[in-house]
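Engineer: Let's see this in three dimensions:
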Amino acid sequence: MKILWVSRHELSNEQLTDLERIYGDVEIVKFQDNVQSAKQLVEVGEDCDIFAVVLPPALLADLISPRINQKPVIRSVMERVPTGTMIVNPVTEKKEMEMAMHFVAWEQVDELRIVTHRL
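Structural biologist: Below you'll find the model as predicted:
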């Protein structure tokens, strides 16, 4: 199974192990550039079976549209966990708990609805 990994970050060992649990033998193709459009990703991942992505909602909605893409789109579910270490936030210059991101699971994006109103 060939998977296009669209993120600035590397896959963690936990993420990769879980992909192997779900799909068996996997080959990861990395795309770490800025994403211009869903069509760009479809072209880049033409020979891939699955898109594993970290994308803003509007791009994600385009990528799961059947008009643009017929392949499954998955994303990594992460949770913020305190490390137990206090740090100084460089933006606020206040002490706060350091947080780490931990992998929880993969989920397939079947539908995404964005409802807005003009302000």
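Engineer: Please, which helix or strand holds residue 39?
Structural biologist: Element membership of residue 39, judged by DSSP states H and E, is helix 38-44.
Engineer: And the next helix or strand past that helix?
Structural biologist: strand 50-53.
Engineer: mind checking how far the following helix or strand past that next one is from the chain centre?
Structural biologist: Heading C-terminal from strand 50-53, the first helix or strand you meet, by DSSP H and E, is helix 57-63. Distance, stretch centre to chain centre, for helix 57-63: 12 Å (CA atoms, centre = their mean, to the nearest Å).
Engineer: Name the residues of helix 57-63 that are buried.
Structural biologist: Residues of helix 57-63 classed as buried: 59, 60, 61, 62, 63 (neighbour count, 16 or more other CB atoms under 10 Å). In short, each C-beta sits where N, CA and C put it, glycine included.
Engineer: max-length strand in the protein?
Structural biologist: With secondary structure taken from DSSP state E, the chain has its longest strand at strand 73-88.
Engineer: which residues sit against it?
Structural biologist: With contact meaning CB atoms under 8 Å, 6 or more residues apart in numbering, strand 73-88 is reached by 15, 50-55, 60, 63-64, 94-109.
Engineer: Next up, phi/psi of the most centrally placed residue in the chain, please.
Structural biologist: Centroid-nearest residue in the chain: residue 54, 2.5 Å away (criterion: CA atoms, centre = their mean). Main-chain torsions, residue 54, degrees, to the nearest 10: phi -120, psi 100.
Engineer: hmm, back to that, Throw the buried residues of helix 57-63 into a markdown table and include pLDDT, thanks.
Structural biologist: Shown next, in a markdown table, are those (pLDDT from 0 to 100):
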| residue | pLDDT |
| --- | --- |
| 59 | 95 |
| 60 | 96 |
| 61 | 95 |
| 62 | 95 |
| 63 | 97 |
